[in-house]
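Q: here is the input, now give the coordinates:
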Amino acid sequence: MRFSVFQISRKGGREKNEDRMGYCYTRDSGLFALADGMGGHPEGEVASQMALQVLANAFQREAKPTLRNPIRFLQDAILAGHHALLRYATERSLVDTPRTTVVACVIQAGMAYWAHCGDSRLYLVRGNDLVVRTRDHSYTELQQSLAHVVPMDARYNRSVLFTCLGSPGKPVVDTAGPVPLHSGDRLIVCSDGLWSVLTDTAIVDMLSTRPLADAVPEMVEQALRNGGTHGDNVTVLAVEWEAAEDADTLAGISTRSMGEDVFASTIQATLADTAPADLDEAEIERSIREINEAIQRTSRKSR
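A: Next comes the predicted model:
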């Protein structure tokens with residue numbers, strides 16, 4: 001398995017950045033995830049971090065080195081994150097539960113599988129074309145989808161969601177896959193701070209015409225400019241799938257020399273009652289470098 005990855009999170013005009021992102025992988029499977037803690041509820045940064053930690057812990061436990069059923073894994077792990085938030089609120093006697101959206105993608109055996117709850121999105125771009133994007137769990141998107149079936153006169157704020165993790169009712173988790181990946185396909189998971197101020201056309205155009213290391217920062221900067229002083233936080237994790245035989249000259253991560261029991265992750269474990277620090281590019285790159293060095297040491301020992 002070989003892929004390139006680039007991720008960045010920037011604080012917008014909010015008091016703090018409640019977005020979290022990260023990825024983990026074994027020799028034959030990878031998990032890429034993002035969560036956006038919801039304002040208007042307590043400890044959104046804790047909610048997003050907990051959701052990712054539950055996903056990462058489940059992936060480490062079950063990917064040996066592949067997942068038996070990626071779709072079932074995504075459903076179960078996301079719901080486990082939801083229940084972890086409910087327990088967190090109960091144990092601390094919180095009046096309201098921390099809440100978050102989540103989107104997660106598993107890549108395994110050249111196939112992509114994904115799941116989401118809320119309005120954090122996944123885009124799959126092939127060449128110049130948008131192959132698919134997730135549909136938000138918002139009343140606005142629901143209204144648009146049902147417009148030809150059940151006309152609705154009400155007008156909703158696009159940010160009003162009908163499901164999320166940490167809500168009183170059982171979350172709605174939509175899944176998709178398997179979708180075969182082609183060499184050069186690009187997947188991104190992003191918070192609504194990106195897509196709410198950039199059109200799908202603009203996102204696809206930047207992803208299809210520039211290297212990831214150029215496209216992702218430019219998208220984020222453009223979103224911050226468009227959002228202005230009151231704009232949302234902007235977080236993007238992008239993956240380019242690269243067939244090993246034609247990608248030897250590209251910078252990226254190759255898992256071919258990893259042992260079956262090796263697990264790597266950029267999702268850092270933190271105390272649940274401690275607000276994790278904002279991620280920046282330097283921290284992410286340092287984490288990736290340390291992970292790859294650890295993998296190389298493990299590979300040498302196993303020979």
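Q: residue 140 and residue 160 touch, don't they?
A: Yes: under the criterion of Cβ atoms under 8 Å, residue 140 makes contact with residue 160 at 7.4 Å. In short, each C-beta sits where N, CA and C put it, glycine included.
Q: these two: which is more packed in?
A: Neighbour count, other Cβ atoms under 10 Å: between residue 140 and residue 160, residue 140 has more, with 16 against 10.
Q: could you point out which element follows the host helix or strand of the more buried one?
A: Using DSSP states H and E, residue 140 sits in helix 139-146. Next along the chain after helix 139-146, taking DSSP H and E as the criterion, comes strand 174-180.
Q: contacts for that following strand next, please.
A: With contacts defined as Cβ atoms under 8 Å, 6 or more residues apart in numbering, strand 174-180 is touched by 70-71, 74-75, 106, 110-117, 124, 131-132, 134-135, 137.
Q: follow-up on the earlier one: what about the helix holding residue 140, average pLDDT?
A: Helix 139-146 carries an average pLDDT of 62.
Q: now do the buried residues in stretch 111-128.
A: Using 16 or more other Cβ atoms under 10 Å as the test for burial, stretch 111-128 gives 112-126.
Q: show me what the host helix or strand of residue 8 is packed against.
A: Per DSSP H and E, residue 8 falls inside strand 2-10. On a contact count with 3 or more Cβ pairs under 8 Å, 6 or more residues apart in numbering; DSSP states H and E, strand 2-10 meets strand 19-25, helix 212-227, strand 234-241, strand 253-254, helix 281-302.
Q: now do it and strand 234-241, the angle between them.
A: Interaxial angle, strand 2-10 versus strand 234-241 (axes from the mean of the first three to the mean of the last three Cα atoms, to 10 degrees): 170 degrees.
Q: so what strands line up beside strand 2-10?
A: Counting by DSSP bridges, the strands paired with strand 2-10 are strand 234-241 (antiparallel), strand 253-254 (antiparallel).
Q: deepest in the core, which of those is it.
A: strand 234-241 (a mean of 26; mean count of other Cβ atoms under 10 Å).
Q: so where's this structure uncertain?
A: For the chain, applying pLDDT under 70 flags the ranges 141-159, 243-251, 268-303.
Q: tell me what residue 8 is bridged to.
A: Under the criterion used (DSSP bridges), residue 8 bridges to residue 236.
Q: do you know how far it is from residue 229?
A: Residue 8 sits 20 Å away from residue 229, going by Cβ to Cβ, to the nearest Å.
Q: the more surrounded of those two?
A: residue 8 (19 against 6).
Q: now that that one has come up, it's in contact with residue 233, right?
A: No: using Cβ under 8 Å, residue 8 makes no contact with residue 233, being 11.2 Å away.
Q: ok, now which ones touch the closest residue to residue 218 other than its chain neighbours?
A: Leaving out its chain neighbours, the residue that sits closest to residue 218 by Cβ to Cβ, 6 or more residues apart in numbering is residue 206, at 5.9 Å. By Cβ under 8 Å, 6+ apart, residue 206 lies in contact with 215, 218-219.
Q: compare these and tell me which has the most neighbours.
A: residue 219 (25 neighbours).
Q: gap between that one and residue 204?
A: 11 Å.
Q: again, but for residue 69
A: Residue 69 is 31 Å from residue 204, by Cβ to Cβ.
Q: which one of those two is surrounded by more residues?
A: Neighbour count, other Cβ under 10 Å: between residue 69 and residue 204, residue 204 has more, with 20 against 11.
Q: surely that one touches residue 127?
A: No: at 9.8 Å, residue 204 and residue 127 do not qualify as touching, with contact defined as Cβ under 8 Å.
Q: wait, residue 88 touches residue 46, no?
A: Yes: in this structure, residue 88 is within contact of residue 46 by Cβ under 8 Å, at 7.3 Å.
Q: so between these two, which is more surrounded?
A: For residue 88 and residue 46, the more surrounded residue by other Cβ under 10 Å is residue 46, and the numbers stand at 23 against 19.
Q: please name the nearest non-neighbouring residue to the more buried one.
A: residue 98 (5.3 Å).
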